[in-house]
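Trainee: Turn this into a model:
(6 chains)
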There are 4 protein chains.
Amino acid sequence: MFLNIDLDSKIPIYEQIENQIIIGISKEILEPGEILPSVRQLGIDLGVNFHTVNKAYKALESRGFLRMDRSSGTRVQEAIPKFREREETIALDSLRVIIAEYSSRGYSKKEITHKIQEIIEEVKSNE
Amino acid sequence: MFLNIDLDSKIPIYEQIENQIIIGISKEILEPGEILPSVRQLGIDLGVNFHTVNKAYKALESRGFLRMDRSSGTRVQEAIPKFREREETIALDSLRVIIAEYSSRGYSKKEITHKIQEIIEEVKSNE
Amino acid sequence: MFLNIDLDSKIPIYEQIENQIIIGISKEILEPGEILPSVRQLGIDLGVNFHTVNKAYKALESRGFLRMDRSSGTRVQEAIPKFREREETIALDSLRVIIAEYSSRGYSKKEITHKIQEIIEEVKSNE
Amino acid sequence: MFLNIDLDSKIPIYEQIENQIIIGISKEILEPGEILPSVRQLGIDLGVNFHTVNKAYKALESRGFLRMDRSSGTRVQEAIPKFREREETIALDSLRVIIAEYSSRGYSKKEITHKIQEIIEEVKSNE
DNA sequence: GTGGTCTAGACCACA
DNA sequence: GTGGTCTAGACCACG
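Mentor: Numbers count the residues shown, from 1 in each chain, chains lettered A, B, ... in the order given. Okay, the predicted model is just below:
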């Protein structure tokens, strides 16, 4: 199980599941077409209610990352679409705030760029 | 008034205020030592309750960005401290998820780096 | 209910709640991991508004004494951290003033030490 | 000028003045019968409003530390009285909370005693 | 069920 | 004038 959930975190559990799956896909731990555990099974594995897992799966489906099918289960989408404009705006806004916080706290462009490059390498070790 | 609040956003109003102030400091629209509007005045300007503004100011104070004083009002902190480890971990986790989402959606390292550089330039036009 | 609040005290109610909880933890009336009353229930018990209780709980959370969770309620933190420097400085400053007052009023070192030892025994009967 | 006021502190200025004078008496920087600066002069020296100084002096007078006289100025009281019960209760309550905080944070009796002994030595170097 | 957000309005403390 | 405390009550989010 590659999912690492912190029950004491301030981040809602369903959102942690979403995040970890996205990171898993990015790192190619999860491959296109791969079948994910059922919501009930994953709920047991993580020790959380299966409704919580279902909420995460549904959200990821609507965002284009997963494909849910009553008979064949839940799979990673083969062709995950680019951002829709509204979603990218939200992502870029979050990015802007984080970078602004680094900047306000006195980190240099070089330091910020370095930190971000490390993360890019971490989640995208291919290419 | 440099603050732009969306009352219909999913992001809590007080958090939007925090974010905009941090961006303002980063862009040097707000300078160290500069006095901010009073919680009540900013509440009127933004059309929100002053308790909401107060919550944002207090949070920014505890994060080291502002200094609040009963008698003299609220100012931008002169020396904003570096990240504490726990806070930076949270920031980097958010960054990781955003970058992983770009990556999963098929954006190349080059594209991601380019988008981020644009934001760095935007919020940190000095240097 | 181990909490004893004086509504007429000059000390803010939320601060009295904070203080009593810290003393409760010290005396091991409250144990690590123990669940506290909900903010609304404690408000009813104490005859104060739940926002006041919430303010105390939030402050204790940020000081590392409690852990709040939207779904599972509020618990005593398992590993309460040591003082951060700034916080300890404030505590020691308060201590200095109190001891200086005893000293100015003509109490001897021996008397002061005795009074303090009594308190240490009271709040820390283990060891 | 032995008074050291921090205008950015959360502690009210008048209270800082009270505290510093008590510490000064304890350290025998201020001696019994010694004349203090006038409220106006001290206000100028500290860069604060003289009403603020006056508030501190008045409070110290009612607590038995100072003697104010319109014609001869303000002096340190020759025989500062012992605590009144109500005042000592407040002092001991503050002490209890600080010690409980150390205890809750895992400091041992020995460590706490050591820290307090250092302060006692600092403010009461005679005897 | 829990805490989180937001509003509205009262009264107090500081300088 | 400023922020600080407290009340009262609404509606939302999480699990």
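
Trainee: when you scan the lengthiest helix in chain A, is anything in it near DNA strand F?
Mentor: Looking across chain A with DSSP state H, the single longest helix is helix A:85-104. No. Residues of helix A:85-104 contacting DNA strand F under Cβ under 7 Å from any atom of the strand: none, with a closest distance of 14.8 Å. In this view, the C-beta of every residue, glycine as well, is placed from N, C-alpha and C.

Trainee: Check which residues of that helix are buried.
Mentor: A:91-104 (16 or more other Cβ atoms under 10 Å in any protein chain shown).

Trainee: Could you pull up the mean pLDDT of the next helix-or-strand element following it?
Mentor: For helix A:85-104, the succeeding helix or strand toward the C-terminus, using DSSP states H and E, is helix A:109-123. Mean pLDDT, helix A:109-123: 96.

Trainee: swap in stretch A:34-42?
Mentor: Stretch A:34-42 shows an average pLDDT of 96 in the prediction.

Trainee: quick one: is it near DNA strand F?
Mentor: No. If you take Cβ under 7 Å from any atom of the strand as the test, stretch A:34-42 misses DNA strand F, and the best it gets is 13.1 Å.

Trainee: Put the alpha carbons of that stretch into CSV.
Mentor: The C-alpha trace of stretch A:34-42 is given here as CSV (Å, rounded to 0.1, in the frame of the first residue of the first chain):
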residue,chain,number,x,y,z
GLU,A,34,-4.1,0.1,-13.4
ILE,A,35,-6.9,-1.1,-11.2
LEU,A,36,-7.2,0.5,-7.8
PRO,A,37,-8.5,-1.3,-4.7
SER,A,38,-12.2,-1.2,-4.2
VAL,A,39,-13.5,1.6,-1.9
ARG,A,40,-14.4,-1.0,0.7
GLN,A,41,-11.0,-2.7,0.6
LEU,A,42,-9.0,0.6,0.6
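
Trainee: Now do the buried residues in that stretch.
Mentor: A:36-37, A:39, A:42.

Trainee: That one and chain B in contact?
Mentor: No. Using Cβ under 8 Å from any Cβ of the partner chain, stretch A:34-42 never reaches chain B; the gap is at least 13.0 Å.

Trainee: hmm, who's touching that stretch?
Mentor: Residues outside stretch A:34-42 that contact it (Cβ atoms under 8 Å, 6 or more residues apart in numbering or on different chains) are A:3, A:17, A:21, A:30, A:45, A:50, A:53-54, A:57, A:66, A:72-76.

Trainee: swap in stretch A:94-111?
Mentor: Residues outside stretch A:94-111 that contact it (Cβ under 8 Å, 6+ apart) are A:112, A:115, B:19, B:22-23, B:25-27, B:64-65, B:80-83, B:91, B:94-95, B:98, B:115-116, B:119-120, B:122-124, B:127.

Trainee: quick one: it to chain centroid distance?
Mentor: Stretch A:94-111 sits 22 Å away from the centroid of its parent chain (Cα atoms, centre = their mean, to the nearest Å).

Trainee: likewise stretch A:107-115?
Mentor: With Cα atoms, centre = their mean, you get 24 Å for stretch A:107-115.

Trainee: Tell me how far whatever residue of chain A ends up closest to DNA strand E lies from C:Arg70.
Mentor: Closest contact between chain A and DNA strand E, by Cβ to the nearest atom of the strand, is at A:Lys10 (7.7 Å). Going from A:Lys10 to C:Arg70 by Cβ to Cβ, to the nearest Å gives 9 Å.

Trainee: Equivalent analysis for A:Val97, please.
Mentor: For A:Val97, the distance to C:Arg70 - Cβ to Cβ - is 23 Å.

Trainee: Over to A:Glu88?
Mentor: Between A:Glu88 and C:Arg70 the computed distance is 29 Å (Cβ to Cβ).

Trainee: Stretch A:20-33 and DNA strand F, any residue contact?
Mentor: No. Contact of stretch A:20-33 with DNA strand F (Cβ under 7 Å from any atom of the strand) is absent, the minimum separation being 13.5 Å.

Trainee: confidence score at the residue of chain A most remote from its centre?
Mentor: Outermost residue of chain A with respect to the C-alpha centroid, by Cα atoms, centre = their mean, is A:Gly106; its distance is 29.2 Å. What the model reports for A:Gly106 is a pLDDT of 96.

Trainee: now it: how far from DNA strand F?
Mentor: 25 Å (Cβ to the nearest atom of the strand, to the nearest Å).

Trainee: swap in A:Arg67?
Mentor: 23 Å.

Trainee: Determine the number of other residues adjacent to the residue in chain A positioned nearest to chain C.
Mentor: Residue nearest to chain C within chain A: A:Asp8 (6.2 Å; Cβ to the nearest Cβ). By other Cβ atoms under 10 Å in any protein chain shown, the residues close to A:Asp8 number 10.

Trainee: Not counting sequence-adjacent ones, nearest residue to it?
Mentor: C:Arg67 (6.2 Å; Cβ to Cβ, 6 or more residues apart in numbering or on different chains).

Trainee: can you list contacts of the helix or strand hosting that neighbour?
Mentor: Using DSSP H and E, C:Arg67 sits in strand C:66-69. Strand C:66-69 has contacts (Cβ under 8 Å, 6+ apart) with A:8, C:21, C:36, C:57-58, C:60-61, C:74-77.

Trainee: Filter these down to the ones in strands?
Mentor: Using DSSP state E, the members of the contacts of strand C:66-69 that fall in strands are C:74-76.

Trainee: Surely A:Gly43 touches A:Thr52?
Mentor: Yes. A:Gly43 lies in contact with A:Thr52 (Cβ atoms under 8 Å); the separation is 7.0 Å.

Trainee: More neighbours: these two, which one.
Mentor: Neighbour comparison, A:Gly43 and A:Thr52: the larger count goes to A:Thr52, with 21 against 18 (by other Cβ under 10 Å).

Trainee: Low-confidence regions, chain A specifically.
Mentor: A:1, A:127 (pLDDT under 70).

Trainee: 80 - rerun?
Mentor: A:1-2, A:125-127 (pLDDT under 80).

Trainee: Run through the residues that contact A:Ile119.
Mentor: Neighbours of A:Ile119 in contact, by Cβ under 8 Å, 6+ apart: B:92, B:95-96, B:99.

Trainee: will you turn those residues into TSV that also has distance to DNA strand E?
Mentor: Output for the contacts of A:Ile119, formatted as TSV (distance: Cβ to the nearest atom of the strand, whole Å):
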residue	distance to DNA strand E
B:Leu92	21
B:Leu95	21
B:Arg96	22
B:Ile99	25
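
Trainee: out of those residues, who's nearest chain D?
Mentor: Using Cβ to the nearest Cβ, the contacts of A:Ile119 come closest to chain D at B:Leu92, 27.6 Å.

Trainee: Skipping adjacent residues, who's closest to that closest one in space?
Mentor: A:Ile119 (6.8 Å).

Trainee: Please identify which residue in chain A comes closest to DNA strand F.
Mentor: A:Ile13 (3.4 Å).

Trainee: quick revisit: the residue nearest to A:Asp8: how many residues sit nearby?
Mentor: 18.

Trainee: Tell me the bridge partners for it.
Mentor: In this entry, C:Arg67 is beta-bridged to C:Arg75, by DSSP bridges.

Trainee: thinking A:Ile23 is in contact with A:Glu122, fair?
Mentor: No. Taking contacts as Cβ under 8 Å, A:Ile23 lies outside contact range of A:Glu122: 9.2 Å.

Trainee: Going by how many neighbours each has, rank these two and give me the top one.
Mentor: Taking other Cβ under 10 Å, A:Ile23 and A:Glu122 do not tie; A:Ile23 has more neighbours (24 against 15).

Trainee: and the angle from the host helix or strand of that one to helix A:109-123?
Mentor: Using DSSP H and E, A:Ile23 maps to helix A:13-26. Angle of helix A:13-26 versus helix A:109-123, following axes from the mean of the first three to the mean of the last three Cα atoms, to 10 degrees, is 80 degrees.

Trainee: Relative to the whole chain's centre, how far out is helix A:13-26?
Mentor: 3 Å.
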